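Trainee: Provide a 3D model corresponding to the input given below.
(one chain, ligands or ions: 1)
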Amino acid sequence: MTTFPRSGADVLALAPVMPVVVVEEVEHAVPLARALVAGGLPGIEVTLRTPAALSAIERVAEEVPEAVVGAGTVVNGEQAAAAARAGARFLVSPGCTPNLARAMADTGLPALPGVASVSEAMALLELGLTELKFFPAEASGGAAFLKSLNGPLPQLRFCPTGGITARTAPDYLALPNVGCVGGSWLTPADLVAGGRWDTVTELAREAAALGS
Ligand SMILES: O=C(O)C(=O)C[C@H](O)[C@H](O)COP(=O)(O)O
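Mentor: Residues are numbered from 1 along each chain as shown. Just a heads-up that it's a prediction; the model follows:
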């Protein structure tokens, strides 16, 4: 039986790669999640960027028990609450405000709030949050930024996301303050639209192997 994450650390520990997916058609959600799970990636971040996103989370939560589905692109409290109602097991935001941090905590779900600077990371640390998303990773300094941050703030752990590929992921995963990396490269729009689930599984398998 799947154990659901109870903390940000549990979310970071799901797999070396967190697939970030954009679901345009709700019918794609279940086969997509099954394809990722089959490749060894149980954690799935469904971005709240499409009208289908909340229904997609609901379907995966109900129909794919091996998956751990979370909501991404959470930018306000209403979305955090709606994602929790839909069955999300964790929340991810691209950036954070005190209001959003509170709203995410109110859901009772583990969350990875996003940061892109030292001061933003320190503000969340003051709230007791030590597992964060680093977004947009490549545009904000990449692996070199996180390596520098580990000096003054070694208590923080990150899921860097944004512009990361299968080729650059190992640079991040080699860092002591990186738990996993996020990315959309496992589920390109053309593969999803064409229902090419075997290829998604293949990409997921390669990504899962980055942790070994
Ligand atoms: O929507 C969010 O919550 C985000 O933070 C953005 C996503 O994580 C990135 O868009 C994924 O990055 P790519 O792998 O470069 O596509």
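Trainee: What residues of stretch 205-212 count as buried?
Mentor: 206, 207, 208, 210 (16 or more other CB atoms under 10 Å). (C-beta placed from N, C-alpha, C; glycine too.)
Trainee: try stretch 141-159
Mentor: Quick answer for stretch 141-159 (16+ other CB under 10 Å): 141, 142, 143, 145, 146, 147, 149, 150, 156, 157, 158, 159.
Trainee: Give me the contacts around that stretch.
Mentor: Applying CB atoms under 8 Å, 6 or more residues apart in numbering, the contact partners of stretch 141-159 are 8-9, 11-12, 18, 92, 112, 118, 121-122, 125, 130-134, 160, 168, 171-172, 174-182.
Trainee: Please repeat the previous calculation with a cut-off of 6 Å.
Mentor: 12, 18, 112, 121, 130-134, 171-172, 175, 177-180, 182 (CB atoms under 6 Å, 6 or more residues apart in numbering).
Trainee: of the residues you listed, list those near the ligand.
Mentor: When contact is defined as CB under 6 Å from any ligand atom, those meet the ligand at residue 182.
Trainee: and the contacts of stretch 141-159, which of them are in strands?
Mentor: Within these, residues falling in strands by DSSP state E are 18, 112, 131, 132, 133, 134, 182.
Trainee: check contacts around the closest residue to the third one other than its chain neighbours.
Mentor: To tie it back to what came earlier, the one meant is residue 131. What sits nearest to residue 131 in space, not counting adjacent residues and going by CB to CB, 6 or more residues apart in numbering, is residue 8, at 2.8 Å. Contacts here follow CB under 6 Å, 6+ apart; on that basis residue 8 touches 110, 112, 131.
Trainee: What is the neighbour count of the last one?
Mentor: By that I understand residue 131. As a burial measure, residue 131 scores 21 neighbours (other CB atoms under 10 Å).
Trainee: Report the separation between it and the ligand.
Mentor: Relative to the ligand, residue 131 is positioned 15 Å away (CB to the nearest ligand atom, to the nearest Å).
Trainee: For that residue, give the beta-bridge partners.
Mentor: Taking DSSP bridges as the rule, residue 131 bridges to residue 157.
Trainee: show me what contacts it?
Mentor: Going by CB under 6 Å, 6+ apart, residue 131 touches 8, 9, 12, 112, 157.
Trainee: Name the residues of the chain found near the ligand, please.
Mentor: Within the chain, the positions lying close to the ligand (CB under 6 Å from any ligand atom) are 20, 47, 72-73, 92, 94, 114, 135, 161-164, 182-184.
Trainee: What is the nearest of those residues to residue 104?
Mentor: residue 92 (9.4 Å; CB to CB).
Trainee: Please name the bridge partners of that closest one.
Mentor: Under the criterion used (DSSP bridges), residue 92 bridges to residue 112.
Trainee: What pLDDT is listed against it?
Mentor: For residue 92, the model assigns a pLDDT of 98.
Trainee: surely it meets residue 45?
Mentor: Yes: here residue 92 lies in contact with residue 45, judged by CB atoms under 6 Å, at a distance of 5.4 Å.
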